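Undergrad: coordinates only, sequence not included:
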C-alpha cells in the first residue's frame, strides 16, 4: 500500500464547467497505484466539483442554466460583499461537491463511459483554483 | 493495510430508490478489512447514490416527489436526445452523489441505525447499473 | 501506511451550521498521519455535512435561509410522523453530504483558507450527533 499526493491549478474564465479528468488521470499514472482510490478535493468555497456527462455540451449548459434559476443572483442575500455572485457561489457549491472519490483499477480511473470530472466555477471573474489529488492503494 | 475492490450490478425498473446496503456489506465482509473505509462509486451520470432513511418508505417517496418538482421533466431543456428524462437525470445526479465513503469498524459498515445506501435511478426505462466498492484498511 | 478511527459527538441546539474543523484536526493530529486523507462521516439522516465559508456568518445564514425556501416545512409531505421538520430534514440531508474526504499533508487538513467543516442540523429540537473520522496514509 502506498499514498501519493499532488496539487494542480485550473485557470477559470467565469462561470461554467471545466473538465479536469485528464489532469487527474496523469496523477494516477504517476502515482503507479494499480488498485485503490483517487480522492479529488477542491480547496475553495465558491467553486465545486461535479462528475458529469462528458460528451454532450448541451447537457452541461442545461445544468448551468438550472443552477442560475435555482440560486438566482437577484434574490435577497445578506452576504454580498463581493457582489451578486458571492452568496450564490457558496450555495451552488454546497449543493454539488467538494470531494469526490473515484476507484482505480489497472492504474486507470474507473469512470463510466460518459463520466468526466469537472470543476464547476460559480464566480464571474477569472480565478486560479487548486485541486488536490490523493491516490492510495497497491 | 490492504485494498480490495469488487463491482456489482443493480437492475433498475424505472425511477426510484433501490437499497444496496446488503450488497456493500457482503463485499466488506469478503474483503476481511476490520478497520477502514468502503468507497461506493456509481459509474453513471443518469443515476446517483444517496444515503437515506431506511425504515419508512414514505420518507423516500417524499424525496422522489421533491426531485420531480425541483427538476421537472416539462421544463425547457436544450439536451433531450433521449427524452424528457435526459437532462433531468443528469441534474438530479449532480444534486445528489456519485461517491460515498462509509467507515468500517469490526468488519461492519458504520452506518447509523436509520441509514441505508441507495441507488437513486433517474431514468424511466429499466437499466443495468454498475457500482464499484473499494475497501481499504487493516 | 496506517489507519486510525475516532468518533466524536456534537450537541446541536436546533437548525443551523456547527463548525467541527478543530475536532477533526485534533483526530488527524492524534493519528500521526502526515500524508493521506481524513474521511468525515455523519451517522444520521436528518443532519448532514457541508464544507462552507468559515469567516462570514451572513454567508452561512444565507445558506440556511436558502434551504428553508427550497425545502419548506409547509409543503405537502407524506412522511410527517415526527413533525414538519421530518421529511424536510431528510431532503436537505440528501442535497448536501453525508461523507466528505479531506486530504492531509504534513499532518494538517488541506482545507483552503476559507473552508471549514460544518455539521448542518436540520431538526428543530436539540440532538446529539455522531461523527466518525477515519484517517489513512503514511
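TA: In hand now; what should we look at? Computed from a predicted model, the values in this text were never measured in an experiment.

Undergrad: From the centroid of chain A, which residue is nearest?
TA: Taking CA atoms, centre = their mean, the centroid of chain A lies closest to residue A:49, which sits 2.4 Å from it.

Undergrad: Quick check: phi and psi at the residue nearest to that residue when sequence neighbours are not counted.
TA: Excluding its sequence neighbours, the residue lying closest to residue A:49 (CB to CB, 6 or more residues apart in numbering or on different chains) is residue A:97, at 4.7 Å. To be clear about C-beta, it is placed using only N, CA and C from the backbone, and glycine gets the same treatment. Main-chain dihedrals, residue A:97, degrees, to the nearest 10: phi -140, psi 150.

Undergrad: what does residue A:46 give?
TA: Given degrees, to the nearest 10, the pair of backbone angles that residue A:46 has is phi -120, psi 20.

Undergrad: Could you report the neighbour count for the closest residue to it other than its chain neighbours?
TA: The shortest distance from residue A:46 to any non-neighbouring residue, by CB to CB, 6+ apart, is to residue A:89 (3.7 Å). By other CB atoms under 10 Å in any protein chain shown, the residues close to residue A:89 number 27.

Undergrad: likewise residue A:13?
TA: Neighbours of residue A:13 under the rule other CB under 10 Å: 11.

Undergrad: Double-check it against residue A:126; I have them as touching.
TA: Yes: Residue A:13 lies in contact with residue A:126 (CB atoms under 8 Å); the separation is 5.1 Å.

Undergrad: any common contacting residues for the two?
TA: Common contact partners of residue A:13 and residue A:126 (CB atoms under 8 Å, 6 or more residues apart in numbering or on different chains): none.

Undergrad: Give me the three-state assignment for residue A:5.
TA: strand (DSSP: H, G, I helix; E, B strand; the rest coil).

Undergrad: Count the neighbours of it for me.
TA: 21.

Undergrad: tally of neighbours for the residue nearest to residue A:49?
TA: 24.

Undergrad: and it, what is it in contact with?
TA: Residue A:97 neighbours (CB under 8 Å, 6+ apart): A:48, A:49, A:50, B:97, B:98, C:97.

Undergrad: Residue A:117 now?
TA: Per CB under 8 Å, 6+ apart, neighbours of residue A:117: A:19, A:20, A:21, A:24, A:40, A:49, A:51, A:100, A:102, A:111.

Undergrad: same check, this time on residue A:110
TA: Counted by CB under 8 Å, 6+ apart, residue A:110 has contacts A:102, A:103, A:104, B:41, B:43, B:132.

Undergrad: So which of those residues is the closest to chain C?
TA: residue A:102 (11.1 Å; CB to the nearest CB).

Undergrad: Pretty sure the closest one sits in a helix.
TA: No: read with three-state DSSP, residue A:102 is strand and lies in no helix.

Undergrad: and the angle for the longest helix anywhere in chain A with helix B:57-70?
TA: For chain A, the helix with the greatest residue count under DSSP state H is helix A:57-70. Angle between the axes of helix A:57-70 and helix B:57-70 is 100 degrees (criterion: axes from the mean of the first three to the mean of the last three CA atoms, to 10 degrees).

Undergrad: how far out from the middle of the chain is whichever helix or strand comes after helix A:57-70?
TA: Sequence order places helix A:86-95 as the next helix or strand after helix A:57-70, per DSSP states H and E. Distance of helix A:86-95 from the chain centroid (CA atoms, centre = their mean, to the nearest Å) equals 14 Å.

Undergrad: What residues does chain A have near chain B?
TA: A:1, A:35-37, A:50-53, A:56, A:58-59, A:61-63, A:65-66, A:70, A:95-97, A:100-103, A:105, A:110-112, A:114-115, A:136-138 (CB under 8 Å from any CB of the partner chain).

Undergrad: Mark which of those residues are buried, thanks.
TA: Buried by 16 or more other CB atoms under 10 Å in any protein chain shown: A:1, A:35-37, A:50-53, A:56, A:59, A:61-63, A:65-66, A:70, A:95-97, A:100-103, A:110-112, A:114-115, A:136-137, out of the residues of chain A next to chain B.

Undergrad: what's the distance between the closest residue to residue A:81 other than its chain neighbours and residue C:63?
TA: By the measure of CB to CB, 6+ apart, the closest residue to residue A:81 outside its immediate chain neighbours is residue C:56, 7.3 Å from it. Note on residue C:56: its distance to residue C:63, by CB to CB, to the nearest Å, is 11 Å.

Undergrad: and if you look at residue A:53?
TA: Per CB to CB, residue A:53 is found 27 Å from residue C:63.

Undergrad: Now do the contacts for the closest residue to residue A:84 other than its chain neighbours.
TA: The shortest distance from residue A:84 to any non-neighbouring residue, by CB to CB, 6+ apart, is to residue A:73 (3.9 Å). The contact partners of residue A:73, by CB under 8 Å, 6+ apart, come to A:84, A:85, A:88.
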